[in-house]
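K.L.:
Sequence and computational prediction follow.
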Amino acid sequence: MSRDIDYGNLMHRAMRGLIHEVLQDVEANGLPGQHHFFITFDTMHPDVMIADWLSDRYPDEMTVVMQHWYDKLKVGEEGFGVTLNFGDTPEALYIPFDAIRTFVDPSVEFGLRFETPEDEDELGAPMDEDVVDDDVAPEAEVVSLDSFRKS
């Protein structure tokens, strides 16, 4: 019986572990220096919890920014909860790590992108992002590891 090493899933698990560790540090110590995060996630993921008006406005994906104002960051094993400000309205969100599509820290030009089978069909196409809570778009180079996956 032949079996393959599933490097794609192993890398996704390691990358989510990195995000988990970074957010745990921010929960304990706050954001250091100029660090801030653009986090794009799948709003249709069954475990995502966001206000109805946000899911109506962003029916597929949404990008949130953790920078100047965030509150009540709680990091768990499966995801994180945070309260963010949307036009002077605080909203609580819960984002499972499995729902994250991109994680970018433009202050150090670091980024992760989680490829899905649909993304592989469009590899190389620019990502459409709705940036919420800030007008700054990430300019970091995003690492796409799935491009090395054997088909």
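P.N.:
Looks like it arrived, so ask away. No experiment lies behind these values; they were computed from the predicted model shown.
K.L.:
wait, L54 sits on E91?
P.N.:
Yes - counting by CB atoms under 8 Å, L54 does reach E91; the two are 6.7 Å apart. From N, CA and C alone the C-beta is placed, and that goes for glycine too.
K.L.:
any idea of the mean pLDDT in stretch 36-55?
P.N.:
Across stretch 36-55, the average pLDDT comes to 95.
K.L.:
From one end of it to the other, what's the distance?
P.N.:
Distance between the two ends of stretch 36-55: 23 Å, counting by CA to CA, to the nearest Å.
K.L.:
Distance from that stretch to the middle of the chain?
P.N.:
Centre-to-centre, stretch 36-55 and its host chain are 9 Å apart (CA atoms, centre = their mean, to the nearest Å).
K.L.:
buried set for it?
P.N.:
For stretch 36-55, burial by neighbour count (16 or more other CB atoms under 10 Å) applies to 36-43, 45, 48, 50, 54.
K.L.:
Can you add distance to G30 and secondary structure and give the residues you listed back as a markdown table?
P.N.:
Formatted as a markdown table, those follow (distance: CB to CB, whole Å; DSSP: H, G, I helix; E, B strand; the rest coil):
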| residue | distance to G30 | secondary structure |
| --- | --- | --- |
| H36 | 12 | coil |
| F37 | 13 | strand |
| F38 | 18 | strand |
| I39 | 17 | strand |
| T40 | 23 | strand |
| F41 | 22 | strand |
| D42 | 27 | strand |
| T43 | 27 | coil |
| H45 | 27 | coil |
| V48 | 25 | coil |
| I50 | 24 | coil |
| L54 | 25 | helix |
